[in-house]
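Asker: turn this into a model:
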Amino acid sequence: DDGLESEDDDDDYFLEWKRRRALAVQNSIPTFGSLREIGVGEYVAAIDDAPASVFVVVHLYENHVPTCKLVNHHLQTLAAKFVRVKFVSIVASQAQETWNQDALPSILVYKEGDLKHKYVPLTKHLRNQHSFDADEMEAVFRNDFLN
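Answerer: Numbers count the residues shown, from 1 in each chain. Presented below is the predicted three-dimensional model:
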């Protein structure tokens, strides 16, 4: 009978160790939780300095493009929901002077410093190019990097 109690104790110990280990791993993954505006000097670092496990979503926008303002608003919502994804935005003409205005709003998604997905323009992937919500944007991204 002593042997069974010892096995139960081992099982309890292992389950507790497993729970603590999972918590430690989870706590070691950085969290973000907001859309951060970056300048041209921060662009490369925002991508390259992110941990290997983190997707970096870059929104290239211009203030005079109404859909860009809407995308920025919805990215704030998504950033709060998907805190393990790094969301940044930058004025497109600052990032690259020759960025085609017809390609706005543009979303570039990086991981481990490499471009993994691009939505150029994002509105091409949405049902209605002028009226959409965060849920529709999430649905577009879900298959590629939001999960």
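Asker: make it CA atoms for all contacts and neighbour counts henceforth
Answerer: OK.
Asker: just the strands in the chain please.
Answerer: Remark: strands assigned in the chain by DSSP state E are 35-37, 55-61, 86-91, 106-111, 114-119.
Asker: the first one - contacts with which helices or strands?
Answerer: Under the contact definition 3 or more CA pairs under 8 Å, 6 or more residues apart in numbering; DSSP states H and E, strand 35-37 sits against helix 66-81, strand 86-91.
Asker: can I get those in a markdown table with mean neighbour count?
Answerer: Formatted as a markdown table, the helices and strands packed on strand 35-37 follow (neighbours: other CA atoms under 10 Å):
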| stretch | mean neighbour count |
| --- | --- |
| helix 66-81 | 18 |
| strand 86-91 | 22 |
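Asker: how about the ones you listed, which one is nearest Glu42?
Answerer: strand 86-91 (9.5 Å; CA to CA).
Asker: so the closest one versus helix 66-81, what angle?
Answerer: Counting by axes from the mean of the first three to the mean of the last three CA atoms, to 10 degrees, strand 86-91 lies at 160 degrees to helix 66-81.
Asker: please save the CA atoms from strand 86-91 in CSV.
Answerer: C-alpha atoms of strand 86-91 as CSV (Å, rounded to 0.1, in the frame of the first residue of the first chain):
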residue,chain,number,x,y,z
LYS,A,86,3.9,43.5,-31.2
PHE,A,87,1.8,46.1,-33.1
VAL,A,88,3.6,49.3,-34.4
SER,A,89,2.6,52.0,-36.9
ILE,A,90,4.7,54.4,-38.9
VAL,A,91,3.8,57.1,-41.4
